[in-house]
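J.: take a look and give me a structure for this.
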Amino acid sequence: MYTISGLVLTGGHSTRMGQDKAFLKLYDKSFLDVILTSLSIFPSNYISCNKGQSSKLSSYNLITDEYESIGPIGGLYSGLHSIKSDYIFVCSCDTPLISSSFIEFICSYISSDFDVYVPIDRSKRAHPLCSLYSKKCLNLLREQIEKGNYKLWNSLNLLKVKYIDISNTVFQDEELSNINTKLQYGEIFSKKSYPRVLAISGVKNSGKTTLITKLIPLLKEKGLRVATIKHDGHDFKADTPNTDTYKHLEAGAYGTSAFSNTKYMLIKNQPFISEAMLIEEFSEVDLILLEGFKYSSYKKIEIVRFKNSSAPVGDPKTIIALATDGPTSFEGRVIDLNNIYIIADLIINYTKGGVDLAR
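T.: Take a look at the predicted model:
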């Protein structure tokens, strides 16, 4: 079985934008974090950077360019050289609209016949910096670099490339868009809407589910479309025994689904699932409440219930408020856990952008 990792190229100079594109904000997150969220379908992901960028990217898994100032081929080579995976999905840091489902689609083409898998948009433009590369490309890239041949296209002409036309798919060309100028940066906010994401966190038995079920009706009354995502640390049965779909799964089906006029259900036996992939399934809502995720970088309201904990466990920089029923030394905003209306108002303000959402 092959392995895949993600690699984001950040070594450019961003001259047309006038600032480092990796740290431009798209609603709640930087471009870099948006792309890493889409790449989270893989068990490991990395950032390619030059030596001058390493200090401000120190919190990420970094791969420093072995060859400086030679363009994308340098970052690609360094990634393939350092990462142990059989394949690397490469994105440039200015493609924040790329989705997990699109990345999975490109990866579904893997075969022994090709070295590189490159998508082509509806204008017939190929995108080698949103592509999948095999480890088999490494030696050829090294040879080209040592010859001073730094144009990636010249290397692609010597490799076995599978070009994947997306014109007959559900995917839009915007997924491959490079955001190079301030005008393009402004335009993306009208092209795609993103739900706000907020975690309701706390230690075990702190009352996360209870709080969420009290909040949902209040948020709904204010016109918000709310979805929830919960991570289960244990495996679980997602269907009722003796139903038809349960029998399909028991018989060995990879996945199953059922639908009516008002709802649908989809179950897949898939490894490396992440909340990022599920967030994409709720793109039409206003707010997604994550239950748990106390150690994540998502913004959160953490519950500290006096009987079972005394202090928050999440990173204070990610906590927009502490909801508690007892005394606390927390230096940030503190809300009475029992005042559900104040908590709801804070979340409504958050959803409208009234709270600093930077991750």
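
J.: distance between stretch 34-43 and the chain's centre?
T.: Mean-position distance between stretch 34-43 and its chain equals 4 Å (Cα atoms, centre = their mean, to the nearest Å).

J.: now do the strand or helix carrying residue 183, average pLDDT.
T.: Assigned by DSSP states H and E, residue 183 belongs to helix 182-191. For helix 182-191, mean pLDDT rounds to 73.

J.: ok, which stretches of the stretch 101-250 of the chain are helices?
T.: Under the criterion DSSP state H, counting those that start in this stretch, helices of the stretch 101-250 of the chain are mapped to 138-146, 152-156, 182-191, 208-221, 244-250.

J.: ok so, going back, for the helix holding residue 183, give me every contacting residue.
T.: 17-18, 24, 26, 96-97, 174, 177-179 (Cβ atoms under 8 Å, 6 or more residues apart in numbering). For the C-beta atoms, the positions are set from N, CA and C on the backbone; glycine is no exception.

J.: again with stretch 107-121
T.: In contact with stretch 107-121 (Cβ under 8 Å, 6+ apart) are residues 2, 4, 87, 89, 102, 106, 126-128, 130-134, 136-137, 156, 159-167, 173, 176.

J.: I'd like to know which of those residues are buried.
T.: 4, 87, 89, 102, 106, 126-128, 130-134, 136-137, 156, 159, 161-162, 164, 166, 173, 176 (16 or more other Cβ atoms under 10 Å).

J.: in strands, which of those fall?
T.: 4, 87, 89, 130-134, 161-162, 164 (DSSP state E).

J.: can you lay out these as CSV showing distance to residue 62 and pLDDT?
T.: Output for those, formatted as CSV (distance: Cβ to Cβ, whole Å; pLDDT from 0 to 100):
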residue, distance to residue 62, pLDDT
4, 19, 96
87, 20, 97
89, 17, 98
130, 21, 96
131, 21, 97
132, 21, 98
133, 19, 98
134, 23, 97
161, 28, 97
162, 30, 97
164, 29, 96
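
J.: beta partners for residue 319?
T.: residue 300 (DSSP bridges).

J.: tally of neighbours for it?
T.: Residues lying near residue 319 (other Cβ atoms under 10 Å) number 21.

J.: over to residue 68?
T.: Residue 68 has 11 neighbouring residues, counting by other Cβ under 10 Å.

J.: now do the SS call for it.
T.: coil (DSSP: H, G, I helix; E, B strand; the rest coil).

J.: how about it, nearest residue that isn't a chain neighbour?
T.: Spatial nearest neighbour of residue 68, excluding adjacent residues (Cβ to Cβ, 6 or more residues apart in numbering): residue 50 at 6.0 Å.

J.: pretty sure the one you found contacts residue 66?
T.: No. Look at residue 50 against residue 66 with Cβ atoms under 8 Å: they stay out of range, at 10.5 Å.

J.: among these two, which residue is more densely surrounded?
T.: residue 50 (18 against 14).

J.: show me where pLDDT drops low in the stretch 151-300 of the chain?
T.: Residues of the stretch 151-300 of the chain meeting the criterion pLDDT under 70: 189-194, 233-236, 238, 271-273.

J.: could you rerun that using 80?
T.: 170, 180, 185-194, 232-240, 254, 268-274, 276-277, 280-281, 283-284 (pLDDT under 80).

J.: could you list which residues are in contact with the residue nearest to residue 31 when sequence neighbours are not counted?
T.: Of all residues not flanking residue 31 in the chain, residue 96 sits nearest, at 4.4 Å (Cβ to Cβ, 6+ apart). If a contact means Cβ under 8 Å, 6+ apart, then residue 96 has 24, 26, 31, 34-35, 179, 188 as its contacts.

J.: what about the closest residue to residue 74 other than its chain neighbours, distance to residue 259?
T.: Leaving aside its chain neighbours, residue 74 sits nearest to residue 67 (4.3 Å; criterion: Cβ to Cβ, 6+ apart). Going from residue 67 to residue 259 by Cβ to Cβ, to the nearest Å gives 52 Å.
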